[in-house]
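# Here is my input; please provide its structure:
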Amino acid sequence: MDTDDQSAMIPPRYQRLSDELAEAIHGGRLPVGSRLPSLRQMALQRRLSLNTVIAAYRQLEDAGLVIPRPKAGFEVAPRLSVPERSLRDTPSAPTAPLQQVLMARVLEAQRRPGVIDLAFAGPRGRQFYPGAQLARHTAQVLRHGQQTVETYARPNGSPRLLAQIVRRGPRMGLHTHAERLLLTHGAMEALQLALRAVTQPGDAVGIEAPSYFNLYPLLANLGLQAIELPTHPQHGLDVDALDALLEHTPLAALVVMPTVHNPLGCTMPTVAKQRLAELVNARQLPLIEDAVYAELQFCEPPAPLLKAFDRDGWVMVVGGFSKTLAPDYRIGWLDGGRFAERIALLKFQSTGGEPQLLGDAVAAYLEAGSYEHHLHRMRRLYREQVGRLRQLVAEHFPPGTRATEPQGGFLLWLELPGVDTRELFERALQEDIAFMPGQVYSRGARYRHCLRLSCCQTLDARFIGAVERLGAIARELAARQLL
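Sure, this is the predicted structure:
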């Protein structure tokens, strides 16, 4: 029986074997269609127990990297292949244990006193929010709106704020009306409501890879299976690959972030957005567009949302104010498209509605007319900070490190060939530095050499020192691989 070390520093043996084989598959050393050694052969070759090999192969199967063949063992799956059995009848694949472990480690690290947090995607500091102005508007609403606190919230939220979302929508091609909108408790509730409106347990949902890490537990909790779709670090979702996949794989819905992607920071070209909108309308495939970072685009004028090209209402849009205005107010919003009535009913049956006080306070700030100036200042600041962070990475990280060129927001995605970023995370945490390891953004091992850094805080000496030290540790690990 194996005595695998289960500590976070040293992964279990099955995990190490799974990661090694996954890397060989992604690197082409195990080509599509090639057979893996049988369970007993692999156990003998590696001096592992049969149970350890079975666990490793099952993890590869869960990640969609291998397919079991009757009486023929396991073979490497096509990149876009999915299990051959009907996805609708397949129980939801749970979020990979490694994802859960890593996410728990990150959250634990963020709670530790003194940690320099390069992971959190929430702006921190007075320079990032109009806190004083928002507090003044909140106080005024509370002082003059006694009726607001004496009645239940409206099911779809503050009419004043809905009117402001409608008014601002055309800036990015969103032409909507208040009856199609509702306010939610943050963007995550909006995503959940949209998914519940168009899926049933056992359905398959297409998502980008890499993708926002909280999508995986959300889908699993709803009994849905995540199908990862190829996504280019500069151009976003590969529409050709999606079109090919849909020829043989039924999807109940798509969840995409085509404008300022998390974690890549990319924005799909307008022509690609138009083609994707045409594709989902032609196939009558519900698509949920996550636009929470869209107002932080660096380009002027901003690129249109995917929703701008939606002909028949198959695209739903999720937005919010947490990244730009008031994170603790937890105000999200959802344009439900053709599913608006169903979503409104689900919202009413779950929470009834959102507090009107906070919605009216944000609406009052928007009505005052300074939001656009605030956004312009934040776009300029984040563009400068992302550029500074890329410069620090170029100066201090190992040779061969690749970094994205974000088109908005405050996140930077890195690829460090030869460096396992799980190990880098644990080493950095010993020195009170936290970041997001790449493997939280996918169920497989393909991003084990990647990480995400956030720069939505003051780039002071402490921040810069943490990035420099993180780069030095990464250099040590990269050099060790060459020995």
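# got the contact list for residue 421?
By C-beta atoms under 8 Å, 6 or more residues apart in numbering, the contact set of residue 421 is 437-439, 448-451. All C-beta spots, glycine's among them, are computed from the backbone N, C-alpha and C.
# 7 Å instead?
437-438, 448-451 (C-beta atoms under 7 Å, 6 or more residues apart in numbering).
# Go through those and name the one nearest residue 233.
residue 450 (9.9 Å; C-beta to C-beta).
# do you know how far the nearest residue to the closest one once chain neighbours are set aside is from residue 381?
Counting by C-beta to C-beta, 6 or more residues apart in numbering, residue 438 is the residue found nearest to residue 450 once chain neighbours are left out, at 3.0 Å. Separation of residue 438 from residue 381 (C-beta to C-beta, to the nearest Å) stands at 26 Å.
# which one of these two has more residues nearby?
residue 438 (26 against 16; other C-beta atoms under 10 Å).
# Am I right that residue 24 is in a helix?
Yes - with DSSP: H, G, I helix; E, B strand; the rest coil as the criterion, residue 24 is part of a helix.
# so it sits right up against residue 36, yeah?
No - counting by C-beta atoms under 7 Å, residue 36 is not a contact partner of residue 24; they are 9.8 Å apart.
# Specify which member of the contacts of residue 421 is nearest to residue 101.
Nearest to residue 101 out of these is residue 437 (C-beta to C-beta; 10.4 Å).
# Quickly list what that closest one is bridged to.
Note on residue 437: beta-bridge partners by DSSP bridges are residue 451.
# Tell me how many other residues crowd it.
The tally of other residues near residue 437 (other C-beta under 10 Å) stands at 26.
# For residue 229, see how far away it is.
With C-beta to C-beta as the criterion, residue 437 and residue 229 are 21 Å apart.
# go on, residue 465?
38 Å.
# same deal with residue 442?
11 Å.
# How about residue 281?
Taking C-beta to C-beta, one finds residue 281 at 18 Å from residue 229.
# These two: who's more crowded?
residue 229 (21 against 17).
# tell me, what residue is most central in the chain?
residue 212 (1.1 Å; C-alpha atoms, centre = their mean).
# In this structure that one contacts residue 260, no?
No - if you go by C-beta under 7 Å, residue 212 and residue 260 don't touch, sitting 11.9 Å apart.
# any shared contact partners between those two?
Both residue 212 and residue 260 lack any common contact, where contact means C-beta under 7 Å, 6+ apart.
# What separates the first and last residues of stretch 160-175, distance-wise?
Start-to-end span of stretch 160-175 (C-alpha to C-alpha, to the nearest Å) is 17 Å.
# tell me which residues of it are tucked away?
Buried residues in stretch 160-175, counting neighbours by 16 or more other C-beta atoms under 10 Å, are found at 160-166, 169, 172-174.
# for the record, mean pLDDT for it?
The pLDDT scores in stretch 160-175 average 95.
# and what of stretch 129-148?
Summarised as a single mean, pLDDT over stretch 129-148 is 81.
# ok, now which ones touch the nearest residue to residue 436 once chain neighbours are set aside?
Take residue 436 and drop its neighbours on the chain: the residue closest to it by C-beta to C-beta, 6+ apart is residue 452, 4.1 Å away. By C-beta under 7 Å, 6+ apart, residue 452 lies in contact with 263, 411, 413, 435-436.
# so which of those is the most crowded?
Neighbour counts for the contacts of residue 452 peak at residue 263, which has 29 neighbours (criterion: other C-beta under 10 Å).
# roughly how far apart are the nearest residue to that residue once chain neighbours are set aside and residue 137?
Excluding the flanking residues, the one nearest residue 263 by C-beta to C-beta, 6+ apart is residue 452, at 4.2 Å. Distance of residue 452 to residue 137, computed by C-beta to C-beta: 33 Å.
# Next: residue 392.
In terms of C-beta to C-beta, residue 392 sits 37 Å off from residue 137.
# Also residue 61?
When residue 61 is compared with residue 137 (using C-beta to C-beta), they lie 54 Å apart.
# again, but for residue 222
Distance from residue 222 to residue 137, by C-beta to C-beta: 36 Å.
# out of the two, which sits in the busier spot?
residue 137 (20 against 16).
# how near is the more buried one to residue 360?
Distance from residue 137 to residue 360, by C-beta to C-beta: 9 Å.
# ok, now residue 232?
41 Å.
# Give me the more crowded residue out of the two.
Per other C-beta under 10 Å, whichever of residue 232 and residue 360 has more neighbours is residue 360, with 24 against 14.
# mind checking the backbone torsions on the more buried one?
Main-chain dihedrals, residue 360, degrees, to the nearest 10: phi -70, psi -30.
# Hmm, residue 159 and it touching each other?
No - when contacts are counted by C-beta under 7 Å, residue 360 is not listed as touching residue 159 (8.9 Å).
# Give me the below-cutoff pLDDT ranges for the chain.
1-11, 26-27, 62-64, 70-71, 78-97, 145-153, 482-483 (pLDDT under 70).
# Longest helix in it, by number of residues?
Among the segments of the chain that qualify as a helix by DSSP state H, the longest is helix 371-396.
# who's in contact with whichever helix or strand comes after it?
Using DSSP states H and E, the helix or strand that follows helix 371-396 in sequence is strand 402-403. With C-beta under 7 Å, 6+ apart as the test, strand 402-403 has contacts from 390, 393, 412, 414-415.
# strand partners of strand 402-403, parallel vs antiparallel please.
strand 411-415 (antiparallel).
# Can you give me the distance of the closest residue to residue 99 other than its chain neighbours to residue 331?
Spatial nearest neighbour of residue 99, excluding adjacent residues (C-beta to C-beta, 6+ apart): residue 440 at 5.6 Å. According to C-beta to C-beta, residue 440 and residue 331 sit 26 Å apart.
# Same check on residue 459?
Distance from residue 459 to residue 331, by C-beta to C-beta: 28 Å.
# Report the distance from stretch 15-30 to the chain centre.
24 Å (C-alpha atoms, centre = their mean, to the nearest Å).
# May I see the buried residues of it?
15-19, 21-26, 30.
# Just checking: what are the partner strands of the longest strand seen in the chain?
Using DSSP state E, we find that the single longest strand of the chain is strand 225-232. Pairing partners of strand 225-232, with direction, according to DSSP bridges: strand 204-209 (parallel), strand 236-237 (antiparallel).
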